[in-house]
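>>> model this:
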Amino acid sequence: MSLIYVFLADGFEDIEALATVDVARRAGIEVKTVSVMDELLVTSSHGVAMKADIMCADMDIDKGDMIMLPGGIPGAETLASHDGVKDAIMDFATKGKFLAAICAAPMVLGLLGILRGVNVTCYPGFEKYLTHAHYTAAQVEVDGCFITGNGPGACIPFALQLVKALKGEAKAKEIASGMQVEWLDNY
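Next up is the predicted model:
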C-alpha cells in the first residue's frame, strides 16, 4: 500500500491539507498527517484545530512514497525552516520519490534548490522562491516526481494527480467520477 506523509504546521491551509487527505484515502492510499509542532494538535490558518497522526520525529521515512506540503501562512514558512521537514524532503529527492506541494508550499522545495529545470506552479507572488525552476502559473503542474498546485481552488485536481501518481490514471478517474469531479486531461 502506498503511503503519503502530509506535513502540518500551525497556519496550514485547511482545504489543501484535508481535501488531499480525503481524496487519497478514497483511493485506498494510506495517509499519515505529520505534526512539525511541539504536539500533535495543529491549528489551521482558519483556526481549525486538528490532531495529527504522528509527530515528525516518529515518522519512518523509508515507508513513505510521497511527501505532501499544504500551503498557508505561516504554515509553509514553518515547514521551510523545520530541519526534520528539510531532511525528509532531501531524502525523498535523492531517492526520486514523489514531492507534492500546493499554494505557498512549493517555496519550501524552491528554497532547498531541488527544482532546477522543473515545471512548477504556486500561489502568485511565491514564484520568487522557485529557484531555477520554470514557473508556469498553471492550476496543477506535474513534472517527474514533482506535483504542484497553485492554491485552494486547485486542491481537488491536485489531489487527483497525487492519486494518479501512486495508483494510476484509471483509479484517479474513478475517484473523480465518484466525487462528481470532471476529469481534465490538461492537468
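
>>> going forward, measure contacts between C-alpha atoms and count neighbours the same way
Will do.

>>> Quick check on the most centrally placed residue in the chain: phi, psi?
The residue lying closest to the centre of the chain (Cα atoms, centre = their mean) is Met68, at 2.6 Å. Backbone torsions of Met68, given as degrees, to the nearest 10, read phi -120, psi 130.

>>> That one and Phe12 touch, don't they?
No: if you go by Cα atoms under 8 Å, Met68 and Phe12 don't touch, sitting 12.0 Å apart.

>>> hey, C-alpha coordinates of stretch 70-89 in PDB?
C-alpha atoms of stretch 70-89 as PDB (Å, rounded to 0.1, in the frame of the first residue of the first chain):
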ATOM      1  CA  PRO A  70       0.000  22.200   2.100                       C
ATOM      2  CA  GLY A  71       0.200  25.900   1.800                       C
ATOM      3  CA  GLY A  72      -1.000  28.600   4.200                       C
ATOM      4  CA  ILE A  73       1.000  31.200   6.000                       C
ATOM      5  CA  PRO A  74       2.700  30.900   8.400                       C
ATOM      6  CA  GLY A  75       2.400  27.100   7.900                       C
ATOM      7  CA  ALA A  76       4.500  26.900   4.800                       C
ATOM      8  CA  GLU A  77       7.200  29.200   6.300                       C
ATOM      9  CA  THR A  78       7.400  27.000   9.400                       C
ATOM     10  CA  LEU A  79       7.800  23.900   7.100                       C
ATOM     11  CA  ALA A  80      10.600  25.700   5.200                       C
ATOM     12  CA  SER A  81      12.500  26.300   8.400                       C
ATOM     13  CA  HIS A  82      12.000  22.900  10.100                       C
ATOM     14  CA  ASP A  83      15.100  20.600   9.900                       C
ATOM     15  CA  GLY A  84      13.000  17.400  10.000                       C
ATOM     16  CA  VAL A  85      11.000  18.500   7.000                       C
ATOM     17  CA  LYS A  86      14.000  19.600   5.100                       C
ATOM     18  CA  ASP A  87      15.800  16.300   5.800                       C
ATOM     19  CA  ALA A  88      12.800  14.300   4.700                       C
ATOM     20  CA  ILE A  89      12.400  16.200   1.500                       C
END
